[in-house]
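Novice: below is the structure, and that's it, no one-letter string:
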Ligand code: NDP
Ligand code: HSE
């Protein structure tokens, strides 16, 4: 019998408790033995919860109980979450988390601490919610040199963009819906400003390329400037607008990692990913391109990934080495995306300004703005091509 303690009883923590309990027989069969729930760490009362008798307020109860094998950290943040994770690992307990902020900032040192203590630190749920991506990337694609990763990695923003374009909702109303459904971060600015995608692409890049990529190294643009006009214009031109995290290996071995909304041709699979769904394409030098798709946020999809990690630890037993490891990063590891050539979508700040040379417009363009596509060039060359014209929004086209 293996025993789990859950830290945090919010959207994900309550989902983990439910899934562990509801699916206990199947989980036991697939894990090679039963998995019990010993404690849930909370900081307020949940009098109506069916798990109220498991709730404790003092982490040291969990830390000092030798019967607890696995700690599930789903509190979020990098303060108490980091402290409790370190203490659990030092106490010889494996830790499973959905906390991408913590993994993106401190993954390398926490993985090393887990290794030093002969336990695991797993975080399948930290990227793509319920989509299996961490284990496929680290195990199933292990034969490959990874060349590129591009992903729709945030359920909240994909939901907002979909509800704006298909449901006619305002940005604020679409965000409110996403919050009510449990998709958004405690502070949703992390979602809409691209910070959450930045953390996730850092984790994928660290995993794929073997060295820690830190959020501060990644240029990040969110969706707050994208308007319904931009979406309508993109659709008229045969594109969809999606927020992407991208990590590309350069020929010199360094990386370009960035986050920004892109225009994606409507015929591409990524363009059809809607609502809370996420999708990640990975290009390896042996396998070619593969794609992972599923619900990127929400209580039960995320709990599914968390419990899969718990099951994996139980099945492999204490003798198994940690499945994932990467090395320290470096200041010069990540190179700006400015030199990367692509076509561009430009919406001018001044609707009446004349168009630059090379601009391509579209028939049936929506009213209320002046927008066009520019041919493939670097960001520096685009700036020169626009001359003194002020842009309201500039987005890359993913070709
Ligand atoms: P919630 O805010 O719903 O839940 C977090 C819970 O942790 C809250 O109940 C909070 O208590 C509790 N908590 C925070 N600090 C402490 C503490 N020191 N001691 C005890 N309890 C504490 O967040 P989510 O469940 O949505 O997210 C949890 C983690 O999972 C985050 O890292 C998030 O980024 C990640 N994640 C979330 C997904 C989702 O779809 N929601 C998907 C994938 C990952 P209180 O209620 O008192 O504030
Ligand atoms: N806020 C995140 C999202 C949760 O919307 O994708 C899943 O990581």
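Specialist: That came in fine, so what should we check first? This is a predicted model, so every value here is computed, not measured. Ligands and ions are numbered 1, 2, ... in the order given.

Novice: ok, how many other residues are close to the residue in the chain that ligand 1 sits nearest to?
Specialist: Proximity of the chain to ligand 1 (CB to the nearest ligand atom) peaks at residue 10, 1.7 Å away. Using the backbone N, CA and C atoms, a C-beta is placed for each residue, glycine as well. Residue 10: 14 surrounding residues under other CB atoms under 10 Å.

Novice: residues contacting it?
Specialist: If a contact means CB atoms under 8 Å, 6 or more residues apart in numbering, then residue 10 has 74, 75, 76 as its contacts.

Novice: just give me the closest of the residues you listed to residue 337.
Specialist: Of all the contacts of residue 10, residue 337 sits closest to residue 76, with 28.6 Å by CB to CB.

Novice: contact partners for the nearest residue to the closest one once chain neighbours are set aside?
Specialist: Nearest residue to residue 76 in three dimensions, chain neighbours excluded: residue 99, at 5.6 Å (CB to CB, 6 or more residues apart in numbering). Going by CB under 8 Å, 6+ apart, residue 99 touches 73, 74, 75, 76, 77, 81, 123, 126.

Novice: is it true that the fifth one touches residue 105?
Specialist: No. Checked against CB atoms under 8 Å, the pair residue 77 and residue 105 is beyond contact range at 10.4 Å.

Novice: tell me which of these two has more neighbours.
Specialist: The neighbour comparison of residue 77 against residue 105 (other CB under 10 Å) goes to residue 105, with 19 against 13.

Novice: re the thing from before, put the buried members of the contacts of residue 99 into a PyMOL selection.
Specialist: Buried residues within those, by 16 or more other CB atoms under 10 Å, are selected in PyMOL with:
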select buried, resi 73+74+75+76+81+123+126
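
Novice: among the contacts of residue 99, give me the pair with the biggest separation.
Specialist: Between any two of the contacts of residue 99 (CB to CB), the greatest distance is 14.7 Å, for 77 and 123.

Novice: what pLDDT is listed against residue 324?
Specialist: Listed pLDDT for residue 324 reads 80.

Novice: quick one: neighbours of it, just the number.
Specialist: 22.

Novice: contacts only, for it.
Specialist: Taking CB under 8 Å, 6+ apart as the test, what residue 324 contacts is 111, 121, 122, 123, 134, 138, 207.

Novice: quick one: name the residues of the stretch 101-250 of the chain near ligand 2.
Specialist: 129, 154, 155, 156, 183, 184, 185, 191, 196 (CB under 6 Å from any ligand atom).

Novice: again, only using 8 Å
Specialist: Residues of the stretch 101-250 of the chain lying close to ligand 2 (CB under 8 Å from any ligand atom) are 125-129, 153-159, 178, 183-185, 188, 190-191, 196, 200.
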